[in-house]
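*Asks:* Predicted model, plus sequence, below.
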Amino acid sequence: MNSNKIKWPNSRILELFNIENPIIQAGMVWVSGGNLAAAAADAGCLGLLGAGSMHPELLKEQIKKAKSLTKKPIGVNIPLLYNKTEEQIKVALDEGIRIFFTSAGSPKTWTPFLKKEGCIVVHVASTPEFAKKSQDAGVDAVVVEGFEAGGHNGRDEITTLVLLQQIYNKLTIPIIVAGGIGSGAAILAAFAMGAEAVQIGTAFAATKESSAHENFKMAMCKAQFNSTFLRMKKLVPVRLLENEFAKKIAQAEDSCATKDQLQEILGKGRAKEGMLNGNIQEGELEVGQIVSEVNEILSCNKLVQKLKHEYIAAKQSIL
C-alpha cells in the first residue's frame, strides 16, 4: 500500500482540524516555531506553535512565519499558568488562529470565551478526572498525556497505556493520546484502544525544521533507553534528558532538598539555554521517554512518511 494514500480508521479529528493524518505535532517550548508548525502542516498533520516560551510579539512573528510557509491549518498551544496568557490569546486571535490547545490550568478559564470566538479548543489532561472536567468545560477534544511524555508532566505519574484505558469509555468527545508515541505501531495501538489521533513531541523536536539547537538534536539521537528521568516533583514535574544539570537536581532531591533549594538550582532560562542555545550539559533538556528511538534527524515529511509506513506494516502483521 502507498503510504501517501493510507486509509486511516474513522476519526473525528481529521474533520475537526481538516487534516489528512491523525497526527498532532506537539506545541513544545523552544522547539515548536513557525518553521516546524508549517512543515508538520504540509506533511498532512496539525502543526502547533509552542507559545509557552514566546512573548506575545514573538508569538505574533512566528504565526506570521508559519502562515507565510503553508496554507494548511495550524494552531497554538498555550499554557494557562502564565500572566501573559490573555495577551497571547489576543495575538493569536488577531492573527487568525482558530485552533487552540490549552494546558497547565483549568479548561473552564478560557474555553467559553474561545468557543464564542468560533475557535476549536482542545485541553491537555494527565488524569481521568481532568479529562472529564475538560469535556464538561466544553472543549472539542482532549489530549490525554501519560507521564512518559517529555517536558512538564502530571504529578500522578499515570502511564499513557493505563490512562487511555481509564478514560476511553468515559468521554464522548474525541481523544488524542500523547506520551511515548514514536512509531506507527504505537499509533495503531492507540486507535485500537479508542484514541482518534496521537500527539507526538519528541520525534518532531528532533526534525530538521525544529528550532532546537543541533547539539540538542544530536543528544536526542544518542540517548539510551534509560536516559530520561522525571524530576522536580516539588516544583512542577518535568521529564529531562540526563546531563550535568539533571544530575545536580537528582542529588539535591536525594538529599531531601526543599522546593526553594530546587528552584535556586533551576534558576531562570535554563530550558532556553539547553534546548535553544545548545548547552547540553547545564541546560534543561525536556524530552520524552521514547527519545531512545530517535536515531536520525529527519525532515517532518520523512518522519510522517516513516510513521505511516510503520502503521501499515503493523496493521498488516496482525491481519
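*Replies:* Sure thing, it's come through.
*Asks:* longest helix in this structure, by residue count?
*Replies:* For the chain, the helix with the greatest residue count under DSSP state H is helix 300-317.
*Asks:* elements contacting that one?
*Replies:* The helices and strands touching helix 300-317, judged by 3 or more Cβ pairs under 8 Å, 6 or more residues apart in numbering; DSSP states H and E, are strand 23-25, helix 34-42, helix 184-192, helix 202-205. Backbone N, C-alpha and C define where each C-beta goes, glycine included.
*Asks:* Could you look up the SS state of the residue lying closest to residue 50 once chain neighbours are set aside?
*Replies:* Distances taken as Cβ to Cβ, 6 or more residues apart in numbering place residue 32 nearest to residue 50, at 3.5 Å, with adjacent residues excluded. Going by DSSP: H, G, I helix; E, B strand; the rest coil, the secondary structure assigned to residue 32 is coil.
*Asks:* and residue 32, what is it in contact with?
*Replies:* By Cβ atoms under 8 Å, 6 or more residues apart in numbering, residue 32 lies in contact with 25-26, 48-50, 77, 204-205, 210-211.
*Asks:* can you redo the helices and strands packed on helix 300-317 as a markdown table with distance to residue 289, mean neighbour count and mean pLDDT?
*Replies:* Output for these, formatted as a markdown table (distance: least, Cβ to Cβ, whole Å; neighbours: other Cβ atoms under 10 Å; pLDDT from 0 to 100):
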| stretch | distance to residue 289 | mean neighbour count | mean pLDDT |
| --- | --- | --- | --- |
| strand 23-25 | 18 | 31 | 98 |
| helix 34-42 | 21 | 26 | 98 |
| helix 184-192 | 12 | 20 | 97 |
| helix 202-205 | 8 | 29 | 98 |
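*Asks:* possible to save the ones you listed as a markdown table with distance to residue 119?
*Replies:* As requested, the helices and strands packed on helix 300-317 are exported to a markdown table (distance: least, Cβ to Cβ, whole Å):
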| stretch | distance to residue 119 |
| --- | --- |
| strand 23-25 | 16 |
| helix 34-42 | 17 |
| helix 184-192 | 25 |
| helix 202-205 | 23 |
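*Asks:* Could you point out which of those sits nearest residue 217?
*Replies:* Go through the helices and strands packed on helix 300-317 one by one with Cβ to Cβ and the one that ends up closest to residue 217 is helix 202-205, at 7.8 Å.
*Asks:* what does the closest one rub up against?
*Replies:* 25-26, 28, 31-32, 36, 40, 150, 182, 210, 212, 216-217, 220, 287-288, 290-291, 293-294, 300, 303.
*Asks:* which among these end up buried?
*Replies:* Among those, those buried by neighbour count (16 or more other Cβ atoms under 10 Å) are 25-26, 28, 31-32, 36, 40, 150, 182, 210, 212, 216-217, 220, 287-288, 290-291, 293-294, 300, 303.
*Asks:* I'd say residue 174 and residue 14 touch.
*Replies:* No - Residue 174 lies out of contact with residue 14 (Cβ atoms under 8 Å); the separation is 9.8 Å.
*Asks:* Which residue ranges make up each domain of the protein?
*Replies:* If you go by automatic domain parsing, the domain ranges for the chain are 3-211+293-317, 214-290.
*Asks:* Highest mean neighbour count out of those?
*Replies:* The densest packing among the domains of the chain, expressed as mean neighbour count by mean count of other Cβ atoms under 10 Å, is seen in domain 3-211+293-317 with a mean of 21.
*Asks:* residue boundaries of the helices in the stretch 201-319 of the chain?
*Replies:* Remark: helices assigned in the stretch 201-319 of the chain by DSSP state H, counting those that start in this stretch are 202-205, 214-222, 244-254, 259-266, 270-271, 300-317.
*Asks:* These: which one's closest to residue 104?
*Replies:* When the helices of the stretch 201-319 of the chain are ranked by proximity to residue 104 (Cβ to Cβ), helix 270-271 comes first, at 14.3 Å.
*Asks:* Pull the distance from that closest one to the chain's centre.
*Replies:* Its chain's C-alpha centre lies 17 Å from the corresponding centre of helix 270-271 when counted by Cα atoms, centre = their mean, to the nearest Å.
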